[in-house]
Each structure stands twice: as structure tokens, then as C-alpha cells.
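K.L.:
got a sequence here, can you build the structure:
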Amino acid sequence: MLQAVADPRDPRGKRFPIESMLLALLAGLLSGCAALRDVERESGRLGLGRCSGKISDTALTHLLMRLSDVDLLPLQVALVKDMRSRGQLQSEGLRLDWTAIDGKYETLDHHADGWAQKFEDKEKQSVYWRLGALRAVLISAPGRPALGQWTMGPAKTSETDPEKVKHTGEMTNVRPFIRWLREQYRNLTSNFTLDAGLWSRELFEQMDRDGLGLFGNIKENKPELHAEVARVLRTEQRQHGPSAESDWEPCRTGQIRRRLWRSLAVEGWNGWTNLRQVLVVEQTTRPRVKGPDEVELRYFGTNLPHATMSPKQLLQLVRRHWAIENDCNWSLDMVMDEDDGAWCTQGKSMLALGVLRMIAYNLLQWLRKRHVRVQHLRVPDTPMPWRELHELIFAVWVRIGNQLLKRLTPPAPA
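P.N.:
Numbering: from 1, shown residues only. Below you'll find the predicted structure:
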């Protein structure tokens with residue numbers, strides 16, 4: 001599959017095949033390497049360099065500076081399709097396949113070849129750049145695999161100075177990103193969950209016309225709709241018991257319970273003919289120490305007909321809605337040091353590394369959620385801790401690295 005990645009380097013002076021270098025980078029991510037110097041050392045242990053030697057961190061940096069996320073996305077798509085063909089993406093607990101989209105930003109000290117937007121902090125009297133991308137995660141599948149990313153680049157303009165170029169925002173990029181996801185994955189990406197800042201009334205109506213499902217968070221950035229939904233659902237809460245309710249579950253601060261009410265009364269209100277049902281989730285947190293319960297209300301709307309999903313499934317979907325942050329982004333930040341420990345920040349390398357991290361995340365998550373479990377004293381069948389999984393992964397890489405390389409790289413010309 002590594003042959004799907006076009007080599008951006010000049011043919012002259014190449015020391016290592018791109019397949020070996022990509023395999024070294026992925027092996028470094030899978031085994032928890034903190035820097036490219038560590039990847040260099042591990043590539044030597046895996047025999048990925050010439051004459052079973054190592055690949056230098058300088059060569060790896062040189063490649064990353066020339067790769068873009070567009071170069072690597074075909075590899076990620078191919079691996080996700082392979083997971084699908086193996087039956088690893090079947091919807092877990094939900095009747096439909098659901099994809100969550102969210103924005104991710106990296107802070108840099110340069111404009112990343114014009115792809116990062118300039119910001120000024122007047123209080124600190126400093127200048128910085130933000131590199132933004134939308135990411136998609138299949139939250140209905142085990143492991144919550146990442147499907148791809150869409151860079152939020154410069155807006156169309158005649159401006160040539162990268163420090164002055166304006167950039168497109170999240171809402172502007174959602175529609176082309178959904179179109180790209182549909183082109184790659186077809187019916188696997190027919191239903192989407194979006195946070196309040198990512199969808200508009202226009203997008204809602206367009207997706208409904210296209211036959212796509214949308215489940216969106218409703219907040220005060222849509223003040224009239226938010227007020228009406230809150231009014232309708234307050235009445236529903238007063239007059240009826242919850243349609244679905246979770247058990248009390250342990251959380252960081254104590255225990256937590258979620259209850260769901262839904263209503264069809266908003267359909268057609270103020271022209272919202274595609275908003276077929278609205279929901280409120282009441283989240284109650286009971287502190288571990290003595291004190292009052294904390295209650296939070298979250299509102300959602302969807303174009304799904306009433307009978308498409310049961311209240312229990314809708315409550316589960318609300319929880320899965322946050323999986324892109326709690327599973328994918330958290331893992332990339334806290335386990336793979338995406339925010340604070342990037343291997344390379346030169347040029348657009350952060351974009352390429354983002355895709356490589358998502359590929360590694362997909363493989364690691366599938367192992368943690370389905371194949372590598374540990375016996376925990378309180379919670380049976382618990383996923384293996386990340387550090388132990390990294391050690392196990394590297395032990396496997398040492399044993400099968402060369403054999404796997406032969407399978408992933410094309411045969412030498414006769």
C-alpha cells in the first residue's frame with residue numbers, strides 16, 4: 001500500500017526508498033518515539049536503511065518537509081478501505097454509520113508556506129501562526145478510526161504575501177470536506193455529527209436534499225433556534241419522563257448520568273422544514289465528595305425521521321459525538337505529542353505528520369479496542385495502557401519488520 005504515496009523528492013541524490021522511510025516513520029509513531037533521532041535509531045534496529053543500516057533523522061526531515069497531507073491521504077484511505085473489507089468498521093450499537101467532523105489547530109512560529117494564518121497577541125506583543133484542518137472520525141465503528149483531514153487553507157485572493165493572506169474558516173470548508181469523504185468512502189459516510197460552529201441552516205438544508213443525515217449540536221450561536229428548542233424541550237421535560245436514560249457511571253469527579261428527551265414540535269417552525277426532531281440531554285454529575293449535583297443541558301437537532309433511531313441509540317450517538325475529541329484528538333495530543341512534541345515543524349510537515357499520526361492511531365486503537373486487553377482489578381477486559389502497547393508493538397516490529405517491508409514495497413525492476 002505504501003506505493004500509493006507519490007515521492008516528492010528530486011530523483012537525484014535519493015539514498016533511501018520512500019517506502020522504507022514511511023515505514024520507519026510509522027514504526028516510530030506506533031512504538032512511541034519522541035523525536036526523529038529516536039526514529040533513526042529504531043530504523044537501524046529494524047534494518048530499514050541501506051545494507052540493513054539506519055535512516056538518518058536528516059533524511060527523514062528532508063522527506064517530511066516535501067510531503068503534504070494530500071500525498072499521504074491516499075494511503076490512509078486505502079488502509080481504511082482495507083479495514084472495511086475485513087469487517088472492522090461495522091456499526092457498533094447504532095443502526096447507521098456516523099462520521100464526526102471537528103477542527104484541529106496547530107500553533108507555529110512561521111507561515112507554513114502560506115498555509116498558516118497570522119495572528120497577533122497584543123497583550124504579549126507577539127506574533128504567531130495557526131495551521132488549521134478539519135478531521136473526520138467514524139464514531140460508529142470500534143476504535144473510532146480517523147477517515148482523513150481537510151486543510152483550511154488560504155482564501156482565493158490576489159495577495160501574494162503569506163503574512164497578509166486571509167484564510168477560510170471551518171464552516172466554509174465543511175461542505176467540500178464532506179464531498180471529498182463521500183468520493184472516497186461512498187455510503188460509509190452518509191450521516192454526520194457536527195458541533196454548533198460547523199453547520200448552518202444552508203448546510204442543513206443542502207445535506208437533507210442530498211439524502212445525508214445530520215445530527216447537530218444547537219448552541220446560542222443560533223439564538224432564535226436555540227431559544228425555541230429550549231422552550232419546547234423544557235415543556236417536554238415537565239410533562240413526560242425521559243425517553244432514554246443511562247445508569248450512573250464512574251467519572252473523574254464522581255458519578256455521571258445522562259437522560260434524553262426528544263420532540264417533533266419544532267419541525268416547520270420559522271421555515272425549518274428539515275429539522276424533524278430535537279433533543280435535550282440532561283447530564284447530571286454527582287461529586288465524589290459531599291456537595292450538590294451539577295446539571296448541564298445540551299441541545300441537538302437532526303433531519304432523521306422519528307423512527308430511524310431509538311431514543312437509546314440517540315443517547316448513545318450524543319456520547320459518540322464527542323469521540324472525535326475524546327478518542328482521536330486526545331490520543332494524538334497526549335500519546336503522540338502532536339501539540340507539544342512535533343517531530344518536524346518546517347514547511348507543511350505538520351500536515352503530513354497529522355495524516356501519519358491518524359494512520360498510526362487507527363492501527364493502535366484497533367489493537368487496544370479489539371485484540372490487546374488486560375485484566376483490571378475493577379474494570380474487566382480493559383484496553384492495554386499506551387506505554388505497554390508501544391513496547392509490545394516495537395517487539396512485534398523487530399520480529400516482522402523485514403517481512404512486512406517486503407510485502408509493502410514493490411519488487412525491484414528486473
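
K.L.:
S43 is in contact with A59, isn't it?
P.N.:
No - judged on C-beta atoms under 8 Å, S43 makes no contact with A59 at a distance of 9.7 Å. C-beta here means a position set from N, CA and C on the backbone, and glycine is covered the same way.

K.L.:
look at those two and report which has more neighbours.
P.N.:
S43 (29 against 20; other C-beta atoms under 10 Å).

K.L.:
tell me how far that one lies from P8.
P.N.:
In this structure, S43 and P8 are 20 Å apart, going by C-beta to C-beta, to the nearest Å.

K.L.:
these two touch, right, E228 and A265?
P.N.:
No - if you go by C-beta under 8 Å, E228 and A265 don't touch, sitting 9.2 Å apart.

K.L.:
helices along this structure, start to end?
P.N.:
18-30, 36-46, 57-66, 69-85, 170-185, 201-209, 223-239, 311-321, 323, 330, 349-366, 386-408 (DSSP state H).

K.L.:
select, out of the ones you listed, the one closest to V278.
P.N.:
V278 lies closest to helix 223-239 among the helices of the chain, at 4.8 Å (C-beta to C-beta).

K.L.:
what's that closest one packed up against?
P.N.:
strand 213-218, strand 254-263, strand 277-287, strand 294-302 (3 or more C-beta pairs under 8 Å, 6 or more residues apart in numbering; DSSP states H and E).

K.L.:
save the helices of the chain as a markdown table, and put in mean pLDDT too.
P.N.:
Converted to a markdown table, these look like this (pLDDT from 0 to 100):
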| stretch | mean pLDDT |
| --- | --- |
| helix 18-30 | 89 |
| helix 36-46 | 89 |
| helix 57-66 | 93 |
| helix 69-85 | 93 |
| helix 170-185 | 96 |
| helix 201-209 | 95 |
| helix 223-239 | 97 |
| helix 311-321 | 94 |
| helix 323 | 84 |
| helix 330 | 82 |
| helix 349-366 | 90 |
| helix 386-408 | 57 |
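
K.L.:
could I get those helices as CSV with distance to F300?
P.N.:
Putting the helices of the chain into CSV (distance: least, C-beta to C-beta, whole Å) gives the following:
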stretch, distance to F300
helix 18-30, 34
helix 36-46, 42
helix 57-66, 40
helix 69-85, 27
helix 170-185, 17
helix 201-209, 12
helix 223-239, 9
helix 311-321, 6
helix 323, 15
helix 330, 22
helix 349-366, 25
helix 386-408, 31
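
K.L.:
for P292, find the nearest of those.
P.N.:
Nearest to P292, of the helices of the chain and by C-beta to C-beta, is helix 223-239 at 19.2 Å.

K.L.:
hmm, who's touching that closest one?
P.N.:
Taking contacts as C-beta atoms under 8 Å, 6 or more residues apart in numbering, the residues outside helix 223-239 that touch it are 218-220, 261-263, 265-266, 269-270, 272, 278-280, 282, 297, 299, 301.
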